[in-house]
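Enquirer: generate coordinates for the sequence data below:
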Amino acid sequence: MYSVKKYCWLFLIFLAQDLKSKELVLVAGLAKPPYVIPEQDSGFEVDLMRDVLAKLGHNISMLYVPYGRTYETMKQVNADIGLTQSQKAGVKAEILSLPYVTYQNVAVSLMEKSIKLDEFKELQSLVVVAFQNAQMLLGAEYAKATQQSPLYLELPEQRRQVELLLSGKVDVAVMDINIFKYFAKSIMGMNHLKKMQVHNLFTSTRYGAAIHDPKLRKAFNRELLKYFDTVEYDSLLQKYDMKYSDGYHFYNDILPR
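Expert: Numbering: from 1, shown residues only. Just a heads-up that it's a prediction; the model follows:
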């Protein structure tokens, strides 16, 4: 009996070690720098996940898919984690981690055009370019206003949005502020915010990760909260120049006091 118990215990230890060192498959949407940069297998979200999961003893393998297909792909391939998820994307609240990233959509215009834009209805007279599915994701008031614009485009390639704005071919680009800064810098060598008017028409959106395994989700949440209070996290914010227009770190109200 002792021998059986001994070997059962050794097997459980081996199993626990095997689980601890498991390589996890993560699914992320394409073309969202600085959040996700597939060609470098990095980005703010990817690096954050790699750091937090490493503290749990896991390595990660990334799978990049078209924007909007992350959760469906995660289910199809039985991946461990889906990045940038929310209930709006049809993900059940019970499988979502704590929020780990905030996106802040804004409307950006050239300062030289002196555009006044304090309400959605003012978009009706402007040429607007936005990210794919923006009318579906940004609310009925935005959708109604842009449907009446003289020209309204939604593009899957967000770099093209910035190019159209900088060339003056559109009046307004609607996109996340950090994505705008990234592409503006890559195109012109600087983020150009001094030459821009940033119109804060939208509330920020917080995203968690879809994690089906309750033990992994609980462990991730625990380590995530610890990670927010580290030098590593501060360095990550600086590395990708992550600044949110609401003026505070989004995690302040979920950290324990």
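
Enquirer: could you use CA atoms for every contact and neighbour count after this?
Expert: Will do.

Enquirer: for Asn78, what are its contacts?
Expert: Counting by CA atoms under 8 Å, 6 or more residues apart in numbering, Asn78 makes contact with nothing.

Enquirer: just want the most central residue of this protein.
Expert: Thr84 (4.7 Å; CA atoms, centre = their mean).

Enquirer: who's the closest spatial neighbour of that one, skipping the chain neighbours?
Expert: Leaving aside its sequence neighbours, Thr84 sits nearest to Tyr207 (CA to CA, 6 or more residues apart in numbering; 5.2 Å).

Enquirer: any idea which element that neighbour lies in?
Expert: strand 205-211 (DSSP states H and E).

Enquirer: now that strand: how far from the chain's centre is it?
Expert: Distance of strand 205-211 from its chain centroid, counting by CA atoms, centre = their mean, to the nearest Å, is 8 Å.

Enquirer: ok, back up a step: got the contact list for the residue nearest to Thr84?
Expert: Shown here is Tyr207, whose contacts under the criterion CA under 8 Å, 6+ apart are Thr84, Gln85, Ser86, Pro99, Tyr100, Val101, Thr102, Tyr103.

Enquirer: repeat that for Met111.
Expert: Counting by CA under 8 Å, 6+ apart, Met111 makes contact with Lys195, Met196, Gln197.

Enquirer: next one: it, what pLDDT does it get?
Expert: As summarised for this prediction, Met111 has a pLDDT of 95.

Enquirer: residue contacts, the nearest residue to it once chain neighbours are set aside?
Expert: What sits nearest to Met111 in space, not counting adjacent residues and going by CA to CA, 6+ apart, is Met196, at 4.8 Å. Contact analysis of Met196 by CA under 8 Å, 6+ apart lists Val108, Ser109, Leu110, Met111.

Enquirer: nearest to Pro156, of the residues you listed?
Expert: Val108 (17.5 Å; CA to CA).

Enquirer: can you name every helix or strand that the host helix or strand of that closest one contacts?
Expert: Val108 belongs to strand 105-110 when assigned by DSSP H and E. Helices and strands touching strand 105-110, by 3 or more CA pairs under 8 Å, 6 or more residues apart in numbering; DSSP states H and E, are helix 158-166, strand 172-176, strand 196-199.
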